[in-house]
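Trainee: build me a structure from this.
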Amino acid sequence: MYSVRLNKMIKKNHLLIALFLGLAIVTYAKDKRDKLIAPQVAVFYPHDFDSVANMPSFALLREFPSIGKVSNTWKLKPVFYSQGKKSCAAIPVKKGTSLYATGEVIGSLLRNNTDITLWNSDNYTYSKDDGKRLYQSHPWVLGVNEDGTAFGVIADNTWKQQLILSDSIKFISEGPAFRMIVIQRNSPQEVLVALGNLIGRIEMPPLWGLGYQQCRYSYEPDTRAKQIADEFRNRNIPCDVIWFDIDYMDKYKIFTFDKTKFPDPKELNDYLHGKGFKSIWMIDPGVKVEKGYSVYDSGSQGDHWVKTKDGKDFVGKVWPGDCSFPDFTQPKTQQWWGSLYKDYMATGIDGVWNDMNEPSVFDGPDGTMPEDNMHRGGGVLPADKHLRYHNVYGDLMIRSSREGIMKANSGKRPFILSRSGYLGSQRYGATWTGDNRASMKHLKMSIPMVLNLGLSGQPFSGPDISGFAGSTDAELYGQWIALGAFYPFSRGHAEKGTNNKEPWSFGTRIEKVAQTALNRRYRLLPYFYTLFNEASVTGLPIMRPMFFADVKDTTLRREDQSFLLGNDLMIIPKWASNPVMPKGNWQTISIVGEDSPKDKYQPDVLIREGAIVPLGNIIQSTTSYSVDSLTLVISTNAKGTASGKLYNDAGEGYEYKEGKYAVWQFNAKTKGNVVTVKANKTEGQLIEKPKTVKLVLYTSKGVVESKWQTGEIYKIVLSELQ
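Mentor: Okay, the predicted model is just below:
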């Protein structure tokens, strides 16, 4: 028998839902604190909500004031209940509703009939717990109804919890009763814009962060890193960044350099800069317990370490051996941590890689800290146990890192990559999908993983291209680097003990595959950069699911082999089996002269009818990036029209926030056998040179190119196709 205690105001449908779910105690009632915080965005509270145990929200930008009461006609209302000591909430799901997002997850794009554990975990090759818990936690679900209307649900708490998607959206938390935020909109795109308003959006990254990046655990010594950089340039393979894993450190002690293998990091960074490369170096949270080591000494002196339940400094083993861990809930610790970057960045380091920040503890319970460890808080954060702050430990770390790096490198946009994250962490850095495996399965899995991260507010992500764990053969590498050119974050990475995985490591044929793929990416940089600007303004993802092309076409809801890049390009990998495509006259285009339909590796790239996509020049790094010279790829619609945009700024710094940027609108119109394209600068005060433009028009009869033209009006004649 169920012991059911109902408030007098409970509605009949909620009782039925409660009984169906098999609840122990139902406490749903319309709470006087329920409120609208934006049009069609409601917050619902359980009757026993404890603000001290839940607030402030880590997901939301700020606490939003009420703009009114929740209407009695509101469709999606949560039921709050308890199961033993666990706090729960459920929202019913209508038959035919498609569910997505849930953050960093393995499996298919469509998340119906799945369950995951929201508990950030170091999960090598996704093998722990069948991959149902990974490095990040996003208590967020996007629902798309049969008619294309959509909704989103946030369980606004950081505690360890389970998310079950079946006939309902169910959150089961090991913490106290929590509130739920529900968004209702006319489309999934509108839901994501509303989500961005609530949890924030990415800041514009430095332009070089969009280039291809090469990493290994590890490139050592410094001469090896220089050799890798030289090979890219000598072979004319585009690349912007060389990465440094933990072996650059002195005995794995963070903020140090091995005096034998990396005797002069500034000289190394200067060398890379001279070749057109940036450098990114790893910093983990674990600080080696060693008296005389300046970071440990200053951390101990400032009382910055996470404590055990008995009030002692917690010590756990990571790469350096015994380590203490910063308590980032303390404002003083955040400031101390940020201050460590001043001298570090002065060596010429361009970006920082915060890894192992779930936090990973080799000898800890379940590979992390004990749940009863204590964080002392401060400012707006109350003291509480690790069970509450575990899922946001990485968030607090990268925020502290970002603030310190911005002070150290004022005037430069920071680049931070984090393995751990929480809903809203896109405000502080990019991410990748952790320690994947060199397999075709993980290659295919990368697409729905990146798509669902994008649908969870994080547009800047990608997997380790070629696979981190295990050796990679030529065929797998060729397929992966060809696809990898289209990830928002494009980085090759490999672990120790595996074969070399640089583009030239698999012979001349595969090297050419990699060169073609990366040349495609670099020609697309004007389009990519425009999409990143759109993501920073709207919160829409860069890599988008196919159903975004037509939210009412339910046949697209499961498609996760192919995807959209923005609204205007479709990417179909060569291994995709019978991908479901949206209706319309999508045409395959050539970006660097490749004939992808006849190519074994390069994905087909299709342009939407009515679209104009800007292409840049083939370059070796973003140090040569320019939009003074553009190729506009055009596909007119049935009315003979097309349109597109281009965003441009300095690629670095913050002058764009003061108006020094430019947004160009391109509009094409057909009259007779002439297509005229007008370019209008619609926003910004950036002073630019007159553009030199070539038009490439795709029609049902073929492709026609114009000569190079200068000005703001360009024409192409179709007579050759008549």
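Trainee: quick check: closest non-adjacent residue to Ile349.
Mentor: Leaving aside its sequence neighbours, Ile349 sits nearest to Trp281 (C-beta to C-beta, 6 or more residues apart in numbering; 5.3 Å). C-beta here means a position set from N, CA and C on the backbone, and glycine is covered the same way.
Trainee: pretty sure the one you found belongs to a strand, no?
Mentor: Yes: when the secondary structure is assigned by DSSP: H, G, I helix; E, B strand; the rest coil, Trp281 falls within a strand.
Trainee: tell me the contacts of it?
Mentor: 243-244, 248, 349, 351-353 (C-beta atoms under 8 Å, 6 or more residues apart in numbering).
Trainee: and these, which two are the farthest apart?
Mentor: Farthest-apart pair in the contacts of Trp281 is Tyr248 and Gly351; separation 14.0 Å (C-beta to C-beta).
Trainee: between those two, tell me which one has more neighbours.
Mentor: Set side by side, Tyr248 and Gly351 show more neighbours around Gly351, with 26 against 22, by other C-beta atoms under 10 Å.
Trainee: and that one, what are its bridge partners?
Mentor: The residues listed as beta-bridge partners of Gly351 by DSSP bridges are Ile280.
Trainee: pretty sure it contacts Phe415?
Mentor: Yes: Gly351 lies in contact with Phe415 (C-beta atoms under 8 Å); the separation is 3.5 Å.
Trainee: between these two, what contacts are shared?
Mentor: For the pair Gly351 and Phe415, residues contacting each of them under the criterion C-beta under 8 Å, 6+ apart are 209, 278, 280.
Trainee: and Thr431, that's in a helix?
Mentor: No: Thr431 is assigned strand when assessed by three-state DSSP, not a helix.
Trainee: show me what contacts it?
Mentor: Residues near Thr431 by C-beta under 8 Å, 6+ apart: 104, 136, 417-419, 421, 425, 453, 458, 460-461, 489.
Trainee: the residues you listed in helices, which ones?
Mentor: Applying DSSP state H to these, the entries found in helices are Leu453.
Trainee: can you select the buried ones among the contacts of Thr431 for me in PyMOL?
Mentor: This is how PyMOL selects the buried members of the contacts of Thr431, with burial counted by 16 or more other C-beta atoms under 10 Å:
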select buried, resi 104+136+417+418+419+421+425+453+458+460+461+489
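Trainee: run a quick neighbour tally on Ile619.
Mentor: Residue crowding around Ile619 was assessed by other C-beta under 10 Å; the count is 18.
Trainee: ranges for the helices of this protein?
Mentor: Secondary structure of the chain (DSSP H): helices located at 12-21, 51-54, 188-199, 222-234, 265-274, 294-301, 331-339, 341-345, 386-389, 393-408, 440-454, 474-484, 508-523, 525-538.
Trainee: out of the ones you listed, flag the one nearest Ile713.
Mentor: With C-beta to C-beta, the closest approach to Ile713 among the helices of the chain belongs to helix 525-538: 19.6 Å.
Trainee: give the rounded mean pLDDT of that closest one.
Mentor: What helix 525-538 shows for mean pLDDT is 98.
Trainee: please apply the same query to stretch 352-372.
Mentor: Averaging pLDDT residue by residue across stretch 352-372 gives 98.
Trainee: off-centre distance for it?
Mentor: Centre-to-centre, stretch 352-372 and its host chain are 21 Å apart (C-alpha atoms, centre = their mean, to the nearest Å).
Trainee: in PDB, list the C-alpha atoms belonging to it.
Mentor: Output in PDB follows, covering the C-alpha atoms of stretch 352-372 (Å, rounded to 0.1, in the frame of the first residue of the first chain):
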ATOM      1  CA  VAL A 352      44.400  26.800 -20.100                       C
ATOM      2  CA  TRP A 353      43.100  23.200 -19.900                       C
ATOM      3  CA  ASN A 354      41.400  22.400 -16.600                       C
ATOM      4  CA  ASP A 355      41.200  18.600 -16.400                       C
ATOM      5  CA  MET A 356      40.500  16.100 -13.600                       C
ATOM      6  CA  ASN A 357      38.100  18.500 -12.100                       C
ATOM      7  CA  GLU A 358      35.100  16.300 -11.400                       C
ATOM      8  CA  PRO A 359      37.200  16.100  -9.100                       C
ATOM      9  CA  SER A 360      39.000  12.800  -9.900                       C
ATOM     10  CA  VAL A 361      40.600  11.200  -6.900                       C
ATOM     11  CA  PHE A 362      42.300   7.900  -7.600                       C
ATOM     12  CA  ASP A 363      42.000   6.400  -4.200                       C
ATOM     13  CA  GLY A 364      38.700   8.100  -3.200                       C
ATOM     14  CA  PRO A 365      35.300   6.400  -3.000                       C
ATOM     15  CA  ASP A 366      34.000   5.900  -6.500                       C
ATOM     16  CA  GLY A 367      37.000   7.800  -7.800                       C
ATOM     17  CA  THR A 368      36.300  11.100  -6.200                       C
ATOM     18  CA  MET A 369      36.000  12.800  -2.800                       C
ATOM     19  CA  PRO A 370      33.900  11.300   0.000                       C
ATOM     20  CA  GLU A 371      30.400  12.700  -0.100                       C
ATOM     21  CA  ASP A 372      30.700  13.900   3.500                       C
END
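Trainee: quick check: the nearest residue to Ser425 once chain neighbours are set aside vs Ser635, distance?
Mentor: Spatial nearest neighbour of Ser425, excluding adjacent residues (C-beta to C-beta, 6+ apart): Asp395 at 5.0 Å. Applying C-beta to C-beta, to the nearest Å, one obtains 42 Å for the distance of Asp395 from Ser635.
Trainee: tell me which of the two has more neighbours.
Mentor: Between Asp395 and Ser635, counting by other C-beta under 10 Å, Asp395 is the more crowded of the two (28 against 25).
Trainee: if we can go back for a sec, of all the contacts of Thr431, which comes closest to Pro221?
Mentor: Sorting the contacts of Thr431 by how near they are to Pro221, with C-beta to C-beta, puts Leu417 at the top with 22.9 Å.
Trainee: that closest one touches Met282, doesn't it?
Mentor: No: applying C-beta under 8 Å, one finds Leu417 not in contact with Met282, separated by 9.1 Å.
Trainee: anything in contact with each of those two?
Mentor: The contact lists of Leu417 and Met282 share 352-354, where a contact means C-beta under 8 Å, 6+ apart.
Trainee: could you dump these into JSON lines with neighbour count and distance to Lys660 added?
Mentor: As requested, the shared contacts of Leu417 and Met282 are exported to JSON lines (neighbours: other C-beta atoms under 10 Å; distance: C-beta to C-beta, whole Å):
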{"residue": "Val352", "neighbour count": "23", "distance to Lys660": "26"}
{"residue": "Trp353", "neighbour count": "23", "distance to Lys660": "30"}
{"residue": "Asn354", "neighbour count": "22", "distance to Lys660": "30"}
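Trainee: nearest to Pro238 among those?
Mentor: Checking the shared contacts of Leu417 and Met282 against Pro238 with C-beta to C-beta, the nearest one is Trp353 at 21.0 Å.
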